[in-house]
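**Student:** Here is the input, now give the coordinates:
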Amino acid sequence: MKSPRAVFVCQECGAQAPKWMGRCLECGAWNSLVEERVSETGTAFPSGGNRYLQIGTPGSAKLYADVDTTNAVRLSTGIDELDRVLGGGVVPGSLVLLGGEPGIGKSTLLLQAAAHFARQVGPVLYASGEESEHQIKSRGDRLGVGAAPLYLLAETCIERILEEIGRLKPALVVIDSVQTVFSMKFQSAPGSIGQVREAATQFLFAAKGQNVPTVLVGHVTKDGSLAGPKVLEHVVDTVLYFEGERHHAHRVVRAVKNRFGAVSELGVFEMTGAGLRPVPNPSRLFLSERASGTPGSAVLCCVEGSRPILVEVQALVSTSTYGNARRMAIGIDQNRLSLLLAVLEKRAGLSLAGDDVYVNVAGGMNVEEPAADLGVVAAVASSVRSRGLSPSTAMFGEVGLTGEIRGIPQARLRVREAVRMGFTRIVLPAANADPEDPALGGGDNGPAELVGVRTVAEALDELIA
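**Tutor:** Prediction:
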């Protein structure tokens with residue numbers, strides 16, 4: 001029997017080197033090479049076959065029209081907001097990766113979903129490498145799990161987890177988390193590049209081979225990205241990020257990759273004493289504490305995935321007491337704010353060079369789409385002029401460097417949501433204000449006044465009379 005072979009693996013990119021070096025030659029990261037030992041005989045099955053040939057027996061190609069999709073019906077998790085993010089439910093045989101900050105509520109959400117799934121569909125295996133069965137049970141009692149065919153397994157060995165999957169044949173598998181499990185074929189520590197890659201591959205084979213949907217919990221690094229090799233996100237079918245401020249009650253689940261649904265879909269939850277509660281109307285949640293008519297406040301119509309959401313953009317402009325003016329943004333891109341302030345100075349005649357500018361999206365919501373530009377511009381201009389906007393006015397639109405207001409997609413969704421929430425006047429790009437389109441002029445609460453604008457100066461004249 002040959003002795004284990006030692007290789008040095010970069011923990012950032014997964015590149016291998018025959019000896020330790022201070023810097024990875026592939027990605028340039030410093031002090032990222034960690035020694036891992038791989039057994040030459042541990043990489044193959046006793047029969048001599050490759051361990052990566054276990055999805056199924058080789059077969060011939062099938063005609064597209066002959067492929068049976070009756071077993072690919074989506075299965076509901078019992079939580080509407082989670083089903084929305086997944087694209088309508090869990091697809092049998094899919095592999096889902098859920099990442100988020102520590103303590104954000106990943107285990108709580110999955111335990112609630114596992115209990116609902118077990119009662120409605122079939123038995124669920126919840127394998128945890130971070131908690132014991134008693135700890136999971138105590139949290140389940142607080143969440144009101146009750147009687148359900150939910151099997152708990154406190155195990156970190158991949159091979160033993162796969163044995164339990166084969167024995168129980170569950171309808172859903174939850175692994176909490178992929179960074180804590182390890183394979184006996186490798187001598188490296190759990191969470192290393194080799195172990196995470198092996199765990200993701202083995203669970204992928206189990207999900208596809210046995211047609212069992214599997215959910216993996218992933219840790220994140222200090223910059224907010226998923227820990228482990230990038231191949232982890234490529235292997236899975238769906239990547240979900242659990243976001244939210246620790247001091248806010250609401251949480252957001254965002255899809256950044258989904259082979260079976262829309263990307264950038266959003267699900268909103270509220271953290272309560274009894275667990276996470278879905279929020280069917282996020283606009284009402286984000287606008288519940290809005291102060292009407294206050295200078296520096298604007299209502300923005302944004303779209304996350306296929307869902308329109310109204311949020312409040314707040315701005316505060318004050319005279320700088322130091323030599324350099326400060327620009328601070330929470331909820332929007334800092335560079336985007338600097339660009340919009342330059343447009344306001346050049347195209348709208350506002351003097352902001354000596355003022356501190358602070359912009360915040362109330363409620364902890366992060367807005368990344370360009371349609372938020374008009375809301376930010378209106379909030380800043382309102383604070384500079386100390387004049388509040390009309391409480392019944394909402395807006396959306398992209399601002400260009402020449403001061404033009406550019407058209408944006410999904411204008412119908414935004415207008416309908418604004419009208420449904422009681423707004424009677426909507427300022428939008430002139431390219432989206434089609435007076436002949438009945439979908440843009442009415443809703444459940446009656447018609448709305450659409451004000452099409454072409455430039456920043458024209459928009460400020462309409463918003464701040």
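**Student:** Check the contact between Glu36 and Pro190; I expect there is one.
**Tutor:** No - contact between Glu36 and Pro190 fails when scored by C-beta atoms under 8 Å: they sit 11.9 Å apart. For glycine as for every other residue, the C-beta is placed from the backbone atoms N, C-alpha and C.
**Student:** give the contact list for Ser392.
**Tutor:** By C-beta atoms under 8 Å, 6 or more residues apart in numbering, the residues touching Ser392 are 422-425.
**Student:** Give me the spatial nearest neighbour of it, chain neighbours excluded.
**Tutor:** Closest residue to Ser392 apart from its sequence neighbours, by C-beta to C-beta, 6 or more residues apart in numbering: Thr424 at 4.7 Å.
**Student:** For the one you found, give me phi and psi.
**Tutor:** phi -110, psi -10 (degrees, to the nearest 10).
**Student:** Quick check: it vs Ala448, distance?
**Tutor:** 5 Å (C-beta to C-beta, to the nearest Å).
**Student:** So these two - more neighbours on which side?
**Tutor:** The neighbour count for Thr424 versus Ala448, taken as other C-beta atoms under 10 Å, is higher for Ala448 (21 against 16).
**Student:** Can you give me the buried ones in stretch 421-437?
**Tutor:** 421, 423-430, 432-433 (16 or more other C-beta atoms under 10 Å).
**Student:** Now do it: distance to the chain's middle.
**Tutor:** Stretch 421-437 sits 29 Å away from the centroid of its parent chain (C-alpha atoms, centre = their mean, to the nearest Å).
**Student:** Now do it: everything it contacts.
**Tutor:** Here stretch 421-437 makes contact (C-beta under 8 Å, 6+ apart) with 283-284, 287, 299, 301, 310, 374, 378, 390, 392-398, 405-408, 411-412, 414-415, 418-419, 440-441, 445-446, 448-454, 459, 462-463.
**Student:** and with 7 Å instead?
**Tutor:** 283, 299, 310, 390, 392-397, 405-408, 411, 415, 418, 440, 445, 448-454, 459, 462-463 (C-beta atoms under 7 Å, 6 or more residues apart in numbering).
**Student:** Quick one: buried ones out of those?
**Tutor:** 283, 299, 310, 390, 393-397, 405-406, 408, 411, 415, 418, 440, 448, 450-453, 459, 462-463.
**Student:** and those, which of them are in helices?
**Tutor:** Those of these mapping onto helices are 283, 411, 415, 418, 459, 462-463, per DSSP state H.
**Student:** I'd like to know which of these is nearest to Ala262.
**Tutor:** Ala411 (18.0 Å; C-beta to C-beta).
**Student:** If we ignore the residues flanking it in sequence, what's nearest Arg246?
**Tutor:** Nearest in space to Arg246, with sequence neighbours left out and distances taken as C-beta to C-beta, 6+ apart, is Gly103 at 7.1 Å.
**Student:** Confirm that the one you found sits in a helix.
**Tutor:** No - counting by DSSP: H, G, I helix; E, B strand; the rest coil, Gly103 falls outside a helix, being coil.
**Student:** what residue is smack in the middle of the protein?
**Tutor:** In the chain, the residue lying closest to the centroid (C-alpha atoms, centre = their mean) is Arg254, at 2.4 Å.
**Student:** Pull out the buried residues from the helix or strand where it lies.
**Tutor:** Assigned by DSSP states H and E, Arg254 belongs to strand 250-258. For strand 250-258, the neighbour count (16+ other C-beta under 10 Å) marks 250-255, 258 as buried.
**Student:** For these, point out the one with the lowest pLDDT.
**Tutor:** When these are sorted by pLDDT, the bottom entry is His250 at 85.
**Student:** Determine the number of other residues adjacent to the closest residue to Met365 other than its chain neighbours.
**Tutor:** Spatial nearest neighbour of Met365, excluding adjacent residues (C-beta to C-beta, 6+ apart): Val311 at 5.1 Å. Around Val311 there are 26 other residues, counting by other C-beta under 10 Å.
**Student:** Now do Val311 against Glu417, distance only.
**Tutor:** Distance from Val311 to Glu417, by C-beta to C-beta: 11 Å.
**Student:** Ok, Gly87 next?
**Tutor:** Gly87 is 21 Å from Glu417, by C-beta to C-beta.
**Student:** Could you do Gly296 as well?
**Tutor:** Going from Gly296 to Glu417 by C-beta to C-beta gives 23 Å.
**Student:** Turn the buried residues of stretch 421-437 into CSV, including distance to His116.
**Tutor:** What follows is the buried residues of stretch 421-437, written out as CSV (distance: C-beta to C-beta, whole Å):
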residue, distance to His116
Met421, 30
Phe423, 35
Thr424, 40
Arg425, 42
Ile426, 38
Val427, 42
Leu428, 40
Pro429, 42
Ala430, 47
Asn432, 40
Ala433, 44
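**Student:** what's the lowest-pLDDT member of these?
**Tutor:** Per-residue pLDDT puts Ala433 lowest of those, at 86.
**Student:** Assumed that residue was part of a helix.
**Tutor:** No - Ala433: not assigned to a helix; according to three-state DSSP it is coil.
**Student:** What distance do you get for it to Leu460?
**Tutor:** Separation of Ala433 from Leu460 (C-beta to C-beta): 17 Å.
**Student:** swap in Ala227?
**Tutor:** From Ala227 across to Leu460, the span is 45 Å (C-beta to C-beta).
**Student:** what does Ser183 give?
**Tutor:** As judged by C-beta to C-beta, Ser183 and Leu460 stand 61 Å apart.
**Student:** With neighbour numbers in mind, choose between these two.
**Tutor:** Remark: of Ser183 and Leu460, Leu460 carries more neighbours, 24 against 21, as counted by other C-beta under 10 Å.
**Student:** right, and that one touches Ala348 too?
**Tutor:** Yes - judged on C-beta atoms under 7 Å, Leu460 makes contact with Ala348 at a distance of 5.9 Å.
**Student:** list residues touching both of the two?
**Tutor:** Shared contacts of Leu460 and Ala348, counting by C-beta under 7 Å, 6+ apart, come down to Ala381.
**Student:** Correct me if wrong: Gly305 contacts Val268.
**Tutor:** No - counting by C-beta under 7 Å, Gly305 does not reach Val268; the two are 11.4 Å apart.
**Student:** which residue sits closest to Ile309 in space, ignoring its chain neighbours?
**Tutor:** In space, Ile309 is closest to Pro282, 5.0 Å off (C-beta to C-beta, 6+ apart).
**Student:** so where's the chain shaky on pLDDT?
**Tutor:** 1-4, 38-59, 70-72, 435-446, 465 (pLDDT under 70).
**Student:** where along the stretch 301-450 of the chain do the helices fall?
**Tutor:** Using DSSP state H, counting those that start in this stretch, the helices of the stretch 301-450 of the chain run over 334-347, 373-385, 411-420.
**Student:** next one: whichever helix or strand Ala6 is part of to chain centre, how far?
**Tutor:** In the assignment (DSSP H and E), Ala6 maps to strand 5-10. On the basis of C-alpha atoms, centre = their mean, strand 5-10 sits 33 Å off its chain's mean C-alpha point.
**Student:** again, but for stretch 374-388
**Tutor:** That offset, for stretch 374-388, works out to 30 Å (C-alpha atoms, centre = their mean).
**Student:** Repeat that for stretch 302-318.
**Tutor:** So, by C-alpha atoms, centre = their mean, the centroid of stretch 302-318 is 17 Å from its chain's centroid.
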